[in-house]
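Colleague: make a model of this:
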Amino acid sequence: MRSDNIKKGLARTPHRSLLMATGVSKKNINVPFIGIASSFSDLVPGHIGMRDLERQIEKGIHTGGGQAFIFGVPAVCDGIAMGHEGMRYSLPSRDLIADCIETVANAHQLDGLVLLSNCDKITPAMLIAATRLNIPSIIVTAGPMLDGESKCEKLTMIRGSFEAVGRYRDGKIDEQRLLELEEASCPSAGSCQGLYTANTMACLTEVMGMSLPFCATASAVSSHKRRIAFESGVQIVELVRKDKKPLDIITRDNLRNAIIADLAMGGSTNSFLHILAIANAAGVNVTLDDFEELSHKIHQILKLEPSSDYTMKDFYQAGGVNGLLKILLRDIKEFKDIKGVTLQKISEFTKNSYIDNKIIHNYSEPFTTKPGLGILRGNIAPEGSVIKISAVDESCYEFKGRAKCFDSEESAMEALENNKIKEGDVIVIRYEGPKGGPGMREMLAPTSLLVGKGLGTKAALITDGRFSGGTRGICVGHICPEAADGGVIALIQDGDIIEIDINKRSLELKVDEKTLKERRKKWQKKEVSAKGYLAKYARTVQDASHGAIV
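Modeller: Residues are numbered from 1 along each chain as shown. I've put the predicted structure just below:
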């Protein structure tokens, strides 16, 4: 065992003494040492229930014959961090968390890991750490929160709060109703209810075989989730004994499985960043070209909030990821029958899976032959940009509008709040990329306000920043090169015509090359204003088309 490096032989007498100080018995000094990397936090709704799940995992590890050690890692709630300086820390926290896990696991020579996660950047961070360390690992995602409800209206965090602000500002609801929605939208522990980034990554973790079946969809407050946590603790000891490692699981075929599932579900655009970063950590050749290739082949067979009224609760009842996997394996030749932490092939554990075809459609009867996500290229984004096709009304697949440019999210929000954005406008938010932000903030506040004001199908938004998985409307993000690198997005001026064509996968600025060259001569690079961790991040981060890796 790897942990023999800290517990075997005469020279390790001091080490054993210190381990006994933590409560390890003489008997258990010889069993596998399993770390539980817990992202518990009183600050993050998706993580407040993790103390109970830690206990269940710990019980499972000891039942399986291992010795459990809990250690903590940071967690950021994107919803609370949204719309202010705090959001600059969200994406950078992914690499910080991966570094923390790598440091603790290697410093203490742990034999295996159970990685307790839930919200947006924590799950991909833990996958990155698992592939870097390449020791037996299981991810336990804590699960979605219950749906909100007020006066028989089904609520989610996005529609009941962010979009409600736009409805209130537009006079569609009064202050009393806004306060009622605010109080009822998030009724329990768990990740927010729709197929936003947290739940997208939880589903993709299950698709990749790095968590047990139903882990992604079982509610955070359910007994099923507690049982999954316990079983994960038991199973990690078995993985250590059989030496089943993440790089045995996370292969090129497996990551392409994740991309296929993502396109079929219409998940968060942030998954592009995270899958590319995981591929980089694993040393697997998966690029934006894989997304582009598959996006022309894969139909969308699942539509969850924000693209429909169905939530993660409905997905769970409809068969969950197991049901989705069964259909993808049966009907898509590119989808591979891999083995994950269950030590079974997908075809084995999904053989008798229940599927409600009202929610998870058969592949022959998709919601649309378009994928849920797409890559747009053109003179604004020669290195790529992303759009959540599933969240765009089909009447808007071709959109032409006039640019209104803003060099920060705050200035765009001010224009929206003061009714300066009209039908036919394309909001351009720049200098919000990985380097320019720094930190590549999510633009959920302006996109939600746009929808709340009734402009979701009448105006568009493009940015070198990112979007929440809860974003809907004509919204294009991850534009590369970003403005801070002198990308064309930095050269757009108010009144320029911009064309977005989802069918052709194009994003074009209708300005001739001669004019752009003249503008480039006058363009001046903006100095990044950041200190501490963000300054270091800005110096080392790569662009979004490479996963914003550092």
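Colleague: in three-state terms, label residue 149 for me.
Modeller: Classification of residue 149 using DSSP: H, G, I helix; E, B strand; the rest coil returns strand.
Colleague: do you know how far it is from residue 189?
Modeller: Computed with CB to CB, to the nearest Å, the distance linking residue 149 and residue 189 is 17 Å. For glycine as for every other residue, the C-beta is placed from the backbone atoms N, C-alpha and C.
Colleague: for those two, indicate the residue with more neighbours.
Modeller: residue 189 (22 against 13; other CB atoms under 10 Å).
Colleague: who's in contact with the nearest residue to the more buried one once chain neighbours are set aside?
Modeller: Nearest residue to residue 189, sequence neighbours excluded (CB to CB, 6 or more residues apart in numbering): residue 49, at 3.8 Å. Contacts for residue 49 (CB atoms under 8 Å, 6 or more residues apart in numbering) come out as 142, 189-190, 220-221.
Colleague: if you rank those residues by neighbours, which is first?
Modeller: Of all those, the highest neighbour tally under other CB under 10 Å goes to residue 142, namely 35 neighbours.
Colleague: OK, contacts around that residue?
Modeller: Residues in contact with residue 142 (CB under 8 Å, 6+ apart) are 46-47, 49-50, 53, 116-118, 189-191, 220, 225.
Colleague: poorly predicted segments of this protein, please.
Modeller: Regions of the chain meeting the criterion pLDDT under 70 are absent.
Colleague: remind me, longest helix of this protein?
Modeller: With secondary structure taken from DSSP state H, the chain has its longest helix at helix 223-242.
Colleague: okay, buried residues for that helix please.
Modeller: Within helix 223-242, the residues scored as buried using 16 or more other CB atoms under 10 Å are 225-226, 228-241.
Colleague: now the two most distant members of those residues.
Modeller: Farthest-apart pair in those is 225 and 241; separation 25.5 Å (CB to CB).
Colleague: my read: residue 149 touches residue 155, true?
Modeller: Yes. The pair residue 149 / residue 155 is scored as a contact, 6.0 Å apart, by CB atoms under 8 Å.
Colleague: which neighbours do the two have in common?
Modeller: Common contacts of residue 149 and residue 155, defined by CB under 8 Å, 6+ apart, comprise residue 184.
Colleague: residues touching the residue nearest the centre of the chain, list them.
Modeller: What sits nearest the mean C-alpha location of the chain, by CA atoms, centre = their mean, is residue 197, with 3.3 Å. Going by CB under 8 Å, 6+ apart, residue 197 touches 78, 120, 268, 270-271, 468-469.
Colleague: most surrounded residue in those residues?
Modeller: Going by other CB under 10 Å, residue 120 tops the contacts of residue 197 with 34 neighbours.
Colleague: ok, now how distant is it from residue 74?
Modeller: With distances taken as CB to CB, residue 120 is found 13 Å from residue 74.
Colleague: sorry, back to before: for the longest helix of the chain, packing partners?
Modeller: When contacts are defined as 3 or more CB pairs under 8 Å, 6 or more residues apart in numbering; DSSP states H and E, helix 223-242 packs onto strand 33-38, helix 50-64, strand 112-117, strand 137-141.
Colleague: got a list of contacts for the second one?
Modeller: To tie it back to what came earlier, the one meant is helix 50-64. So helix 50-64 is contacted by 34, 36, 38-41, 67-68, 70, 114, 116, 118, 140, 142, 225-227, 229-238 (CB under 8 Å, 6+ apart).
Colleague: so which bits of that helix are buried?
Modeller: In helix 50-64, counting by 16+ other CB under 10 Å, buried: 50, 52-62, 64.
Colleague: please produce JSON lines containing these, extended by distance to residue 448.
Modeller: As requested, these are exported to JSON lines (distance: CB to CB, whole Å):
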{"residue": "50", "distance to residue 448": "28"}
{"residue": "52", "distance to residue 448": "32"}
{"residue": "53", "distance to residue 448": "30"}
{"residue": "54", "distance to residue 448": "34"}
{"residue": "55", "distance to residue 448": "37"}
{"residue": "56", "distance to residue 448": "35"}
{"residue": "57", "distance to residue 448": "35"}
{"residue": "58", "distance to residue 448": "39"}
{"residue": "59", "distance to residue 448": "41"}
{"residue": "60", "distance to residue 448": "40"}
{"residue": "61", "distance to residue 448": "41"}
{"residue": "62", "distance to residue 448": "45"}
{"residue": "64", "distance to residue 448": "45"}
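Colleague: out of the residues you listed, who's nearest residue 431?
Modeller: Closest approach between the buried residues of helix 50-64 and residue 431, by CB to CB: residue 50, at 35.9 Å.
Colleague: which residue is the nearest non-sequential neighbour of that closest one?
Modeller: Spatial nearest neighbour of residue 50, excluding adjacent residues (CB to CB, 6+ apart): residue 40 at 3.9 Å.
Colleague: pretty sure the one you found is touching residue 71, no?
Modeller: No. With contact defined as CB under 8 Å, residue 40 does not reach residue 71; the gap is 10.7 Å.
Colleague: show me which of these two is the more surrounded one.
Modeller: Of the pair residue 40 and residue 71, residue 40 is the one with more neighbours under other CB under 10 Å, namely 20 against 16.
Colleague: show me what contacts the more buried one?
Modeller: Contacts for residue 40 (CB under 8 Å, 6+ apart) come out as 47-48, 50-51, 54, 72, 75, 116.
Colleague: out of the residues you listed, which comes closest to residue 526?
Modeller: residue 75 (31.1 Å).
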